[in-house]
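Trainee: could you work out the structure for the sequence below:
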Amino acid sequence: MFTKAIVKQLSATFASGETTAELGKPDFDGALRQHQAYCDALESCGLELIRLAPDNRYPDSTFVEDTALLTARGAVLTRLGADSRRGEVASIALVVREYFSNVYSIEDPGTVDAGDVCEAGEHFFIGVSRRTNEHGARQLAGWLDSFGYSSSLIDIRGLSNILHLKSGMAYLSGKRLVVIEALRNVPEFSGYDLICLNSTEEYAANCLSLNGRILIASGFPGVKRELELLGYPTISLDMSEFQKMDGGLSCLSLRF
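Mentor: Numbers count the residues shown, from 1 in each chain. This is a model prediction of the structure:
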């Protein structure tokens, strides 16, 4: 059960952030409206929001999820894979330390973006990617082990269509995952019930399970229909402006 979420307002420099997408520049006012709708959805799922002011030094800083991994047993501050984003962690660290007594950090030469980390109950999938290197992934696995969690590493460096592991997967509940086609045969997912998305709906793989409801990106009727047939109530949110900046639903908050 999640009770709180950290969110950060968009900076005025949002459109100049890091992106691999080729979808054009985001509309700032549209992104502000989408962010507000996202915050409203979190509150409708019972979360109290900890709202942080924008920081124009860091265009990507609204994507707070990358800066820390928050678990029921401890927190790990990350060391972001993009040099331009490293400074984002400091302001998040101040907030995290208000709520967690045991806080650890990924150290150089390790890098971790927490968008590469998918919590699936007591187990964590850690993506080794363009942003999370093996050194950082193994540091994180060590901290998770010390918390009493298991983990496994999944190398996605050969996939050009996703930036982070959670760009292509999400945990729903029990032993059920949503995955893109390229992740269907990952050995670490054996034993899980996979909802595999077709190529036209892969962006919707980054959905967010919150207190019995699933936040999904709007415009992907196939995944919405399948989730609802499985008994998951859904909330559809327009994410078009964040998609232009490689962002998804999970990226915009730190839930705990």
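Trainee: all helices for this protein, in order.
Mentor: Ranges of helices within the chain are 28-44, 88-99, 134-147, 221-229, 240-243, based on DSSP state H.
Trainee: quick one, which of these is nearest to Val112?
Mentor: Smallest distance to Val112 across these (Cβ to Cβ): 4.0 Å, for helix 134-147. All C-beta spots, glycine's among them, are computed from the backbone N, C-alpha and C.
Trainee: give me the contact list for that closest one.
Mentor: Helix 134-147 is contacted by residues 69, 71, 73-74, 76, 78-79, 104, 106-107, 109-112, 116-117, 124, 126-128, 150-151, 153 when judged by Cβ atoms under 8 Å, 6 or more residues apart in numbering.
Trainee: rerun at 6 Å
Mentor: With contact meaning Cβ atoms under 6 Å, 6 or more residues apart in numbering, helix 134-147 is reached by 73-74, 76, 104, 106, 109-112, 124, 126, 128, 151, 153.
Trainee: what of stretch 104-119?
Mentor: Identification of contacts with stretch 104-119 by Cβ under 6 Å, 6+ apart yields 65-66, 69, 76-81, 124-127, 129, 131-133, 135-136, 139-140, 143, 164-166, 169, 171, 251.
Trainee: poorly predicted segments of the chain, please.
Mentor: Along the chain, no part satisfies pLDDT under 70.
Trainee: buried subset of the contacts of helix 134-147?
Mentor: Neighbour counting with 16 or more other Cβ atoms under 10 Å marks Gly74, Val76, Tyr104, Ile106, Gly110, Thr111, Val112, Phe124, Ile126, Val128, Ser151, Leu153 as buried within the contacts of helix 134-147.
Trainee: pull the most distant pair out of these.
Mentor: Across those, the longest distance by Cβ to Cβ is 22.0 Å; it joins Gly74 and Val128.
Trainee: which of the helices of the chain sits most buried?
Mentor: helix 240-243 (a mean of 21; mean count of other Cβ atoms under 10 Å).
Trainee: helices or strands up against it?
Mentor: With contacts taken as 3 or more Cβ pairs under 6 Å, 6 or more residues apart in numbering; DSSP states H and E, helix 240-243 sits against helix 28-44.
Trainee: other residues contacting the helix it packs on?
Mentor: Outside helix 28-44, the residues that touch it by Cβ under 6 Å, 6+ apart are Ala5, Val7, Leu10, Leu49, Leu215, Ile235, Leu237, Asp238, Glu241, Leu252.
Trainee: just the buried members of the residues you listed?
Mentor: Ala5, Val7, Leu10, Leu215, Ile235, Leu237, Glu241, Leu252.
Trainee: can you give me the end-to-end span of stretch 173-192?
Mentor: 10 Å (Cα to Cα, to the nearest Å).
Trainee: what's next to that stretch, contact-wise?
Mentor: If you take Cβ under 6 Å, 6+ apart as the criterion, stretch 173-192 is touched by 152, 154, 159, 168-171, 193-197, 202, 205.
Trainee: same thing but at 7 Å, please
Mentor: The contact list for stretch 173-192 (Cβ atoms under 7 Å, 6 or more residues apart in numbering) reads 125, 152, 154, 159, 161, 168-172, 193-197, 199, 202, 205, 207, 209.
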